[in-house]
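Undergrad: Below: sequence and its predicted model.
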There are 2 protein chains.
Amino acid sequence: MAEIEHAAPRPLTNGRTRIDFQTEPARYRHWKLTIDGNVATLTMDVDEKGALFEGYDLKLNSYDLGVDIELADALERLRFEHPQVGAVVLRSAKPRVFCAGANIRMLASSSHAHKVNFCKFTNETRNGIEDLSEHSGLKSICAINGTAAGGGYELALATDCIMLVDDGSAAVSLPELPLLAVLPGTGGLTRVSDKRKVRRDHADVFCTTEEGVKGKRAVEWRLVDDVVPGSKFEETVAARAKEFAAKSRRGATAKGITLTPLTRKFEADSVEYAAVSVEFQRPERIATIMLRGPTAPPPAAADAMVALGSEFWPLKLARELDDAILNIRLNELDVAAIVFKSAGDPAQVLAYDRFLDANKDHWLAREIRLLWKRVLKRVDLTSRSLVTLIEPGSCFAGTLAELPFASDRAYMLIGLRAGDNKPPATIALTDVNFGAYPMSTGITRLACRFLADPAELDRAKAERGKMLDAETAQKLGLVTFALDDIDWDDEVRMFLEERASFSPDSLTGLEANLRFAGPETMESKIFARLTAWQNWIFQRPNAIGEEGALKRYGTGQKPVFDTRRV
Amino acid sequence: MAEIEHAAPRPLTNGRTRIDFQTEPARYRHWKLTIDGNVATLTMDVDEKGALFEGYDLKLNSYDLGVDIELADALERLRFEHPQVGAVVLRSAKPRVFCAGANIRMLASSSHAHKVNFCKFTNETRNGIEDLSEHSGLKSICAINGTAAGGGYELALATDCIMLVDDGSAAVSLPELPLLAVLPGTGGLTRVSDKRKVRRDHADVFCTTEEGVKGKRAVEWRLVDDVVPGSKFEETVAARAKEFAAKSRRGATAKGITLTPLTRKFEADSVEYAAVSVEFQRPERIATIMLRGPTAPPPAAADAMVALGSEFWPLKLARELDDAILNIRLNELDVAAIVFKSAGDPAQVLAYDRFLDANKDHWLAREIRLLWKRVLKRVDLTSRSLVTLIEPGSCFAGTLAELPFASDRAYMLIGLRAGDNKPPATIALTDVNFGAYPMSTGITRLACRFLADPAELDRAKAERGKMLDAETAQKLGLVTFALDDIDWDDEVRMFLEERASFSPDSLTGLEANLRFAGPETMESKIFARLTAWQNWIFQRPNAIGEEGALKRYGTGQKPVFDTRRV
């Protein structure tokens, strides 16, 4: 185990040194995004030779993180570049195969950290498909022309409507347990039980039947919505897509913006974006993410926002923060703590929040808010210690104030700093802190923070719009510690040193529990119940040992199991 | 890791060959149960030399499973033998120490399976304390006279009121993360966040501070209810206990029954109880639990039930089933599947359910129902494949019908068996199947089963009281497969063989997900989010490797961590 854990990471293909989350349709190798009026089609046609890492081919539309990065990008394009689209069909270009799921050789040869982060990202992508449907009105259909196995069926589960061809062999299946001794961990089990609400004994049969379920039984057991004879499949899918698009509340005439490539510069110990800087203090295992406030006031009207497109500050900042977080998650495994800082005029940040509020029925304003919601959820789910340092000259106001609330701790400096003339640190709340950005648990970060006493939430709410100084913020329970300049450096340094000294695994477990007080939703169950059990299995010799099922898959040798139940 | 995993289990003390869950107050080595009017005191005074396994001493009121088995027994005694008691005080007989938590050397030297099952049982015991308060009206107070560390504080968290002496040194703490690189996994993190609703950043500070929190801050952060000066501690605790007892709805004049020792006979491949038989088919890795229905009708009145005491059939059966399940969990790790069977007259089982309904305000009837609720939850949480075989002559009616609903699958035989004159299999529902026995998620097994369509639940409800044959039961969705005599043996055998062929770990993960569709509660979060993450950590070299924190604790050597975050 230790051996597997410390194995040199499998090299990336094409001489790449890090996983890049930025792409664009012209560069896709695995997906094709086509638009026909108000219906989009996302065609999966995985390039066998287009794997992210060396050593495996992506046969039968199996996928790795590289494939999913393209899917995630395509979904963002649908949101921002094609607001007229009301329905999307996910389908395959391969004959008789929709998708074979996550590539098994990739899984078998990945480090534990990569497996976990791969699953997390793919989960976030699939949650994004559901968010698109629920909050943007873009309905999705999965047209299954053959086998949809494992992650292939899990992808289908994220759509609104699963249509399966009825040709005597096409089937949906979750063969992870019988074949690989792992779980359908990309939401599969949870969506079967909690979204499709498959009866638990049927689910038990389904998840232990390697070949899956097809035809009428697939409908009866609620595994798919329709089975359609092959001769009528295309026309039925097309009709359904038109019907969904016609009912969509997305604007049929809206013109999209272009998501231009991010401005980025990677150096040895930093990444520089337009509105975000990331700095790595590698010996201390710290990544500092500096967020810069707007340099100009918001435009007067929505048209000007559209004209600014991806240069519009809230959109630019969200995209850059998202990329910065993903880069740390997947490429910077040794970072123990992420420190959020900001610089700018908090009044300007609030002005942008007001602008987005005033235009909240505009499709672009809505998509920007939804993007922030997803980015902030990504922060919540990032398994690094999160701390916000609220210092003079910072702008943790409104939307940006969610970062201290998403952090495990927030430190705020009282008054001025010796020899510095930046204005004293403030924090400011607006309406967005009380509803726009629910966590995966369905409640806001402030509601979660003040679960014990809703009166504290009301007290904070009453302070909306005010610039709150450190002592007031502490009194309101908005920050963990308010410290003056004399104590600041030592306290912060000691905290960060301590954090780096703890077992990374126990911090992952601690934070996964303490960050999510209160209710659970299907989405949060995926990251709690399902993911945590899957990660446990990903550590067990029965899956990943030399004689385990994941290692032995495809070798012709049967796995050997320790039969003791835990 | 494999090495640790396969290490010979640490031997039990005193030549014991299995862990026994049966005890009684006269045999306690670690707890003292005293009753003073309507107030009980449970005094923890752990015998250092009374460990369950060889190789460690139980210093400073640290505990192992043996200590917790006594606590669980004492709580049952309070329920059944002392119904007049309205409040219980948990306290320590050691100076300046309440409880140091789970014994670290025990944890460090235990097999993974034992650690997991130890935590599960202690969690169930603590949930039982809360159930006692909520459903029996027995309020609990934890009187902390010194340090309550880790599992010691977690035990306190299960009570209604935590009183901490204010002597400048007494403190509550969860030092698992900084000291041992594991989680406070006996409900600690979840109760801090979801029961005490400690603010998440405070919880972060608390759980990373080895020495814990004391005095005023402990109250301000909601970690304890009161801090009381040493000079007033005893009288304040006593007054609070009296106040709680006075407000309790438990009957001040009720006289208890005696929980007599179970009738049990262990053989090499069986355990024989009065109303339960367990048979092990070791090559096939199957344990069959046969439940026998009542041999006489229920008594005419509640007094006669009290007179029967622990011989009263529903009570006897529940206690025996509980013991049988625990024995399999802890002593029979190689069992892949538990097969539930029953024999008896279903009409008689329904008669007992009607009797308990008719007397539902009687304290003993209520306690028996609550015991069944807990035993059935124990079944839900047992990580073995569960299957009920509903055969001719069986009595899966009312309360006993919960077993097929708790099972991963239920097979029901259609009609008669060749050469057998037992009456055809039936299943029968009563009111109890629609409310009396919620799962840890707060909903009934049938509500969970029919989440997709409440109409199916109504349809089942309409059939209450009827003896449903196999085909009807299948039509109603109550069983997985109805099979005739020709197919039965092969189908059942193939299923059980298949089950034994799968990876035990992946089945544990699968069942932990599929059994619990729908809502989560604090209780279910403990077994999902918290337990699953803890089990993951219990597999990680940073905790259990030769250089890990759990292994190195007390050696003077610092742990060495793989610093990569997952």
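TA: Thanks, I have the structure now.
Undergrad: The most centrally placed residue in chain A: which element?
TA: The structure's chain A has its C-alpha centroid closest to A:Glu124; by CA atoms, centre = their mean the separation is 3.2 Å. Secondary structure from DSSP states H and E places A:Glu124 in helix A:112-131.
Undergrad: what angle separates the following helix or strand past that helix from helix A:112-131?
TA: With elements assigned by DSSP H and E, the helix or strand that comes after helix A:112-131 is strand A:139-144. Using axes from the mean of the first three to the mean of the last three CA atoms, to 10 degrees, the direction of strand A:139-144 lies 120 degrees away from that of helix A:112-131.
Undergrad: Give the pairing partners of strand A:139-144; include direction for each.
TA: Sheet pairing here is set by DSSP bridges, and for strand A:139-144 it gives strand A:87-92 (parallel), strand A:161-166 (parallel).
Undergrad: Convert the C-alpha atoms of that strand to CSV, please.
TA: Provided in CSV are the C-alpha atoms of strand A:139-144 (Å, rounded to 0.1, in the frame of the first residue of the first chain):
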residue,chain,number,x,y,z
LYS,A,139,-32.8,20.5,-19.9
SER,A,140,-30.7,17.5,-20.8
ILE,A,141,-31.4,14.2,-22.4
CYS,A,142,-29.1,11.2,-22.5
ALA,A,143,-29.5,9.2,-25.7
ILE,A,144,-28.0,5.8,-25.0
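Undergrad: That strand: what's the following helix or strand?
TA: Counting by DSSP H and E, the next helix or strand C-terminal to strand A:139-144 is strand A:147-149.
Undergrad: which helices and strands sit right next to the following helix or strand past that following strand?
TA: Going down the chain from strand A:147-149, the next helix or strand is helix A:151-157, by DSSP H and E. Applying 3 or more CB pairs under 8 Å, 6 or more residues apart in numbering or on different chains; DSSP states H and E, one finds that helix A:151-157 contacts strand A:97-99, strand A:101-102, helix A:112-131, strand A:139-144, strand A:171-173, helix A:188-190. Every C-beta, even on glycine, is put in place using the N, C-alpha and C of the backbone.
Undergrad: contact partners of the first one?
TA: Strand A:97-99 is touched from outside by A:44, A:60-63, A:91-92, A:142-149, A:151-152, A:155-156, with contacts defined as CB atoms under 8 Å, 6 or more residues apart in numbering or on different chains.
Undergrad: Any idea how far it is from the middle of the chain?
TA: Relative to its chain's centre, strand A:97-99 lies at 24 Å (CA atoms, centre = their mean, to the nearest Å).
Undergrad: now stretch A:384-404
TA: 21 Å.
Undergrad: Just give me the neighbour total for A:Asn103.
TA: 26 (other CB atoms under 10 Å in any protein chain shown).
Undergrad: Surely it touches A:Leu52?
TA: No - shown here, A:Asn103 and A:Leu52 do not form a contact pair, counting by CB atoms under 8 Å, at 9.6 Å.
Undergrad: Please identify every residue contacting each of those two.
TA: In contact with both A:Asn103 and A:Leu52: A:Asp64, using CB under 8 Å, 6+ apart.
Undergrad: ok, and what's touching stretch A:312-319?
TA: Stretch A:312-319 has contacts (CB under 8 Å, 6+ apart) with A:259, A:262, A:274-276, A:291-292, A:294-296, A:298, A:305, A:309-310, A:352, A:356, A:368, A:371-372, A:375, A:399.
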